[in-house]
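J.: make a model of this:
(2 chains)
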Amino acid sequence: AQKVTQAQTEISVVEKEDVTLDCVYETRDTTYYLFWYKQPPSGELVFLIRRNSFDEQNEISGRYSWNFQKSTSSFNFTITASQVVDSAVYFCALTTDSWGKFQFGAGTQVVVTP
Amino acid sequence: NAGVTQTPKFQVLKTGQSMTLQCAQDMNHNSMYWYRQDPGMGLRLIYYSASEGTTDKGEVPNGYNVSRLNKREFSLRLESAAPSQTSVYFCASIKAGGLPRYNEQFFGPGTRLTVL
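T.: Numbers count the residues shown, from 1 in each chain, chains lettered A, B, ... in the order given. Okay, here's the model as predicted:
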């Protein structure tokens, strides 16, 4: 069985601070994919990144960066120099299924205040 | 390209009433999914359809039925609504081409359902 744990329920920061969201996953499969989604207050789900289990390279996209560590089964997400527009719920998700069934974490609410 | 569309956006039901949530995608995706989102629980899979003509149960299927009407449309039916089904419902689909597991899911805007 797969499991995704986002232990942080809510993180509050002041604008320009960095914020790191933790994601720990469990799976017995050797091939799997991890994802991060953003859900702003408007409610839609926005895809941020996909990472496969064979690629442990960290990735940076603008102010966003991701740290994938198989040794600790973690796929953490950092927002550098946070902005108010980063306020949202962020979900980590895992799939090992060829039909793309996702297991989502409970989500982390990020609140950025000016 | 509308992407994934859902109707209605909001609905209030009384206990015992039935209703169908509609979902359609215009991206030629093969697989479609229904999730519910409850506070503190993330998104939980209700049912999915790997391809036209097939449907399978997800994590929380009780109280729901689905129909994959054609490649574009995937509906979710509540036969006898209960207050425990108060939730936000999301439909999603997977990009066609290659293995589905490699692709991100595209989500609809959601349906906010309240059962009194």
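J.: tell me where the model's unsure across chain A.
T.: A:98 (pLDDT under 70).
J.: what parts of it come near chain B?
T.: A:4, A:6, A:9, A:31, A:33, A:35, A:43-45, A:47, A:50, A:52, A:91, A:95-102, A:104-107 (Cβ under 8 Å from any Cβ of the partner chain). Every C-beta, even on glycine, is put in place using the N, C-alpha and C of the backbone.
J.: could you flag which of these are buried?
T.: A:4, A:6, A:33, A:35, A:44-45, A:50, A:91, A:95-97, A:99-102, A:104-107 (16 or more other Cβ atoms under 10 Å in any protein chain shown).
J.: residue ranges of the strands in chain A, please?
T.: Assigned strands in chain A, in chain order: A:3-5, A:10-14, A:19-21, A:24-26, A:33-39, A:46-52, A:59-61, A:64-69, A:74-79, A:88-95, A:103-104, A:108-113 (criterion: DSSP state E).
J.: quick one: the fifth one to chain centroid distance?
T.: This means strand A:33-39. Its chain's C-alpha centre and that of strand A:33-39 lie 5 Å apart, by Cα atoms, centre = their mean, to the nearest Å.
J.: what lines up beside it in the sheet?
T.: With DSSP bridges as the criterion, the sheet partners recorded for strand A:33-39 are strand A:46-52 (antiparallel), strand A:88-95 (antiparallel).
J.: list the buried residues in the helix or strand harbouring residue B:24.
T.: Residue B:24 is part of strand B:19-25, with elements assigned from DSSP states H and E. Neighbour counts using 16+ other Cβ under 10 Å place B:21, B:22, B:23, B:24, B:25 of strand B:19-25 among the buried residues.
J.: the fourth one bridge partners, please.
T.: So that's residue B:24. Residues in beta-bridge contact with residue B:24 (DSSP bridges): residue B:5, residue B:73.
J.: quick one: contacts for it?
T.: The contact partners of residue B:24, by Cβ atoms under 8 Å, 6 or more residues apart in numbering or on different chains, come to B:4, B:5, B:72, B:73, B:74.
J.: low-confidence bits of chain B, can you list those?
T.: Using pLDDT under 70, the flagged stretches of chain B are B:96-102.
J.: around chain A, which positions in it sit nearby?
T.: Near chain A, when you scan chain B using Cβ under 8 Å from any Cβ, you find B:31, B:33, B:35, B:40-45, B:48, B:50, B:58, B:88, B:90, B:92, B:94, B:99-107, B:109-110.
J.: all strands of chain B, in order?
T.: Going by DSSP E, chain B shows strands at B:4-7, B:10-13, B:19-25, B:32-37, B:43-49, B:56-57, B:64-68, B:74-78, B:87-94, B:105-107, B:111-115.
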